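Undergrad: From the sequence below, what's the structure:
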Amino acid sequence: MAQWDLLFSGATVFDGEGTPGRVEDVAVNSGVIVARGLNLPHDAAKKVIDAKGKWLLPGMLDIHTHLDLEVEVAPALDEVVRHGTTTVLVGNCSLGTCFGAQESEGQEPIVDCFTRVENIPKAVLRTCAKKMTWDNPEDYLAHFDTLNLGPNIAAFVPHSMLRIEVMGLEASISRAPTEVELQKMEAILEGAMKLGYLGLSTDGLPFHYLSNDPHTEKRIPTQFASFNELRRLLKVVRKYDRVWQTTPIIENRLKALFYFTLTSGRLFGKPLKTSALSAMEMTAAPKSAKLFLGVAKLLNSKLLDGRLHFQALGTNFRVWSDGIVSPLFEELSSTAELIALEYDDYEGRQRLMGNAE
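TA: Numbering: from 1, shown residues only. Next comes the predicted model:
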């Protein structure tokens, strides 16, 4: 009687331990690897896959995606799994959908927050928002059971959406939260940690703007939070040994370093796992890699007892954009005005392009 469900025969196996690939057989039963080695018996498996000349490796984990909306309309996420990724994390950079569409009093937070940050047309975002039947973090997780998912999904609580949920969009970009509102944010976040959320995501990049009038010159809500607000919310994350996902405040290095001290166990009682996304401009700032490594070394030292790790590609890459529509052009005030216009506002774009001022 077969003791294994599946046997991969003669594969070149990369096990993720950093060692060179080696040819061997791998047996799987009930979704778990139960045996590895040469010449495992074929008659012990219900199914044998001849993997000679092919690579076999653990499913990859994509720790930074913005598939929050795509997974609702195309849950198989074919382009993800065909590259070998079996788990994706959503809710990054303070944006996500765990509170549903959050539409009220004419406000469209999904449209307002995602359009310019992710360069997704508003019509597409409104279609995605209509598919959202939940309005809280618990029901959000439960709804994945109804989808025919390709990869596994795990989520952060997105700080911009948390502020909107408690304060409303207008207040979240115009004033500080009251004590009652801050306590409510803490309670919601704690509830999400108990449900299994990965942690909290925030954002500090200077070119993440809202897209709807009259707020096109305002940044997304997370960037209006004070150090004290983040300290209190991250105390909850720290309590459950979860993760703070963020981006550096690149406009002010000293302020960025100050905020990154929130990872410190020495200063705040317990180390906080911190994952900071950063694309390094190697042409204009060739020493940026050394700077990031130096910051991490300082904060992770015995003196500060932090757990800061930067997310950065280990190689150069190019960015291709569809004309002016790219988050990178948000860094310039002139091109940011163009991007702030509706995608189909041809006359408005021509008017700006023809303005000598």
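
Undergrad: what's the following helix or strand after the longest helix seen in the chain?
TA: Looking across the chain with DSSP state H, the single longest helix is helix 179-195. The C-terminal neighbour of helix 179-195 among helices and strands, as given by DSSP states H and E, is strand 199-201.

Undergrad: Tell me the helices and strands packed up against that following strand.
TA: Where contact means 3 or more C-beta pairs under 8 Å, 6 or more residues apart in numbering; DSSP states H and E, strand 199-201 is packed against strand 157-158, helix 159-167, helix 227-239, strand 243-246. All C-beta atoms are positioned from the backbone trio N, CA, C, and that covers glycine.

Undergrad: again, 7 Å this time
TA: helix 227-239, strand 243-246 (3 or more C-beta pairs under 7 Å, 6 or more residues apart in numbering; DSSP states H and E).

Undergrad: show me where the stretch 201-350 of the chain has helices.
TA: Remark: helices assigned in the stretch 201-350 of the chain by DSSP state H, counting those that start in this stretch are 227-239, 253-260, 265-268, 288-299, 333-340, 346-353.

Undergrad: ok, and which of the ones you listed has the densest surroundings?
TA: helix 227-239 (a mean of 18; mean count of other C-beta atoms under 10 Å).

Undergrad: now the angle from that helix to helix 179-195?
TA: Orientation check (axes from the mean of the first three to the mean of the last three C-alpha atoms, to 10 degrees): helix 227-239 against helix 179-195 gives 20 degrees.

Undergrad: With only the CA atoms kept, save helix 227-239 in CSV.
TA: This file holds the C-alpha atoms of helix 227-239, laid out as CSV (Å, rounded to 0.1, in the frame of the first residue of the first chain):
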residue,chain,number,x,y,z
PHE,A,227,5.2,60.0,16.9
ASN,A,228,3.0,59.5,20.0
GLU,A,229,0.2,58.0,17.9
LEU,A,230,2.5,55.5,16.3
ARG,A,231,4.2,54.7,19.6
ARG,A,232,0.9,53.8,21.2
LEU,A,233,-0.3,51.7,18.2
LEU,A,234,3.0,49.9,17.9
LYS,A,235,2.9,49.1,21.6
VAL,A,236,-0.1,46.9,20.7
VAL,A,237,1.9,45.3,17.8
ARG,A,238,4.9,44.8,20.1
LYS,A,239,2.7,43.1,22.7
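
Undergrad: residue ranges with poor pLDDT in the stretch 1-150 of the chain?
TA: Within the stretch 1-150 of the chain, no stretch has pLDDT under 70.

Undergrad: Run through the helices of it in chain order.
TA: Here the stretch 1-150 of the chain has its helices, by DSSP H, counting those that start in this stretch, at 70-73, 78-81, 109-118, 122-130, 137-143.

Undergrad: Of the ones you listed, flag the one that's most buried.
TA: Most buried of those, by mean neighbour count (mean count of other C-beta under 10 Å): helix 109-118, with a mean of 25.

Undergrad: In this structure, which residue is most central in space?
TA: Asn92 (2.5 Å; C-alpha atoms, centre = their mean).
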